[in-house]
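Novice: quick one, fold the following:
(one chain, ligands or ions: 1)
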Amino acid sequence: MVKICDSQDLQERGLAFRFNIKERAAIALRYGGQVYAYYNECAHVPIELDFNPGDVFDLSRQFLICSTHGAYYDPTNGLCLGGPCSGRSLHRLTVIEKDNAVWLLEESNS
Ligand code: FES
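Specialist: As a prediction, the model looks like this:
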């Protein structure tokens, strides 16, 4: 189990926390009180979602959005709901929140 950040680093629908795992960029975020993490690689072209560091929510704060071509994703499962990679998904990482911190457990298959 690897610590990613403190719980207070993730505000509801706020800036994502950027980190690296296995030399790949990743993000952790809070949505609906839950924490989620993904590799920071768009399902369209594997480049980082955020142009401004951590700024991954769209204006409605309902979806994650890629700053390059505007693909938008469900924050709870990484599924692309619209844009050039509709139907594909971000690569999700398994995280838990415990002892006022966010921890990476392992990669899931989704
Ligand atoms: S690189 Fe993300 S939508 Fe094209």
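
Novice: chain center to the helix or strand of the chain with the lowest mean pLDDT, what's the gap?
Specialist: Between all helices and strands in the chain, the lowest mean by mean pLDDT, DSSP states H and E belongs to strand 101-107, at a mean of 88. Distance, stretch centre to chain centre, for strand 101-107: 13 Å (CA atoms, centre = their mean, to the nearest Å).

Novice: hmm, who's touching that strand?
Specialist: If you take CB atoms under 8 Å, 6 or more residues apart in numbering as the criterion, strand 101-107 is touched by 1-7, 9-10, 17, 21, 28, 35, 37, 91-97. (C-beta placed from N, C-alpha, C; glycine too.)

Novice: spell out which parts of the protein neighbour the ligand.
Specialist: 42, 44, 45, 47, 66, 68, 69, 70, 71, 83, 84 (CB under 6 Å from any ligand atom).

Novice: now the buried members of those residues.
Specialist: Neighbour-count burial within those applies to 42, 44, 66, 68, 71, 83; the criterion is 16 or more other CB atoms under 10 Å.

Novice: now render the residues of the chain next to the ligand as a markdown table, adding pLDDT and secondary structure.
Specialist: Listed next are these as a markdown table, based on pLDDT from 0 to 100; DSSP: H, G, I helix; E, B strand; the rest coil:
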| residue | pLDDT | secondary structure |
| --- | --- | --- |
| 42 | 98 | coil |
| 44 | 98 | coil |
| 45 | 98 | coil |
| 47 | 98 | coil |
| 66 | 98 | coil |
| 68 | 98 | coil |
| 69 | 98 | coil |
| 70 | 98 | coil |
| 71 | 98 | coil |
| 83 | 98 | coil |
| 84 | 98 | coil |
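
Novice: which residues touch residue 73?
Specialist: Contacts of residue 73 by CB under 8 Å, 6+ apart are 43, 63, 64, 65, 66, 79, 80, 81, 89, 90.

Novice: show me the shaky parts of the protein.
Specialist: 107-110 (pLDDT under 70).

Novice: please enumerate the strands of it.
Specialist: Ranges of strands in the chain, per DSSP state E, are 2-6, 17-21, 24-31, 34-39, 64-65, 72-73, 80-82, 92-98, 101-107.

Novice: which of those sits most buried?
Specialist: strand 64-65 (a mean of 24; mean count of other CB atoms under 10 Å).

Novice: perfect, that will be all.
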